[in-house]
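Need the 3D shape of this:
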Amino acid sequence: MKEFIGTLFACIVICCVFTFFFLGIIVENIWTLVILIAFVLAVLITILIRQETRIEELENKMEELLSNK
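Prediction:
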């Protein structure tokens, strides 16, 4: 959960910077859109980080099993 919150805040900051420099005020309710995009990015990044962690754990288990032969 800590990874997700950190990733969410980082995505919100990145989206805010992008909005400030590139989008301006195009949509009337821009902040809701920014937070929604940041939330989706945070979910995707968190899923990828967890998947990478699981793959590393599986690699370590495989190496351990192969070395025990």
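
Excluding covalently adjacent residues, which one is nearest to I37?
Counting by C-beta to C-beta, 6 or more residues apart in numbering, I37 lies nearest to C15, which is 5.4 Å off, once chain neighbours are set aside. Just so you know, the C-beta spots here come from the backbone N, C-alpha and C atoms, and that holds for glycine as well.

where's that neighbour, which helix or strand?
C15 is part of helix 2-18 when elements are defined by DSSP states H and E.

So which elements touch that helix?
Using 3 or more C-beta pairs under 8 Å, 6 or more residues apart in numbering; DSSP states H and E as the contact test, the elements touching helix 2-18 are helix 30-67.

Flag every buried residue along the helix it packs on.
The neighbour-count check on helix 30-67 (16 or more other C-beta atoms under 10 Å) flags V34, I37, A38, L41, A42, I45, T46 as buried.

how much space between the third one and E3?
Between A38 and E3 the distance, using C-beta to C-beta, to the nearest Å, works out to 15 Å.

and I14, how many neighbours does it have?
When neighbours are counted by other C-beta atoms under 10 Å, I14 registers 14.

Surely it is in contact with A42?
No: counting by C-beta atoms under 8 Å, I14 sits too far from A42 to count as a contact (10.2 Å).

So which residue is dead centre in this protein?
Centroid-nearest residue in the chain, with C-alpha atoms, centre = their mean: I45, separated by 2.4 Å.

OK, contacts around the closest residue to it other than its chain neighbours?
Nearest non-adjacent residue to I45, counting by C-beta to C-beta, 6+ apart: T7, 4.9 Å away. By C-beta atoms under 8 Å, 6 or more residues apart in numbering, T7 lies in contact with L41, A42, I45, T46, I49.

rerun that using 6 Å as the cut-off
When contacts are counted by C-beta atoms under 6 Å, 6 or more residues apart in numbering, T7 touches A42, I45, T46.

ditto for T46
Applying C-beta under 6 Å, 6+ apart, we find T46 in contact with E3, F4, T7.
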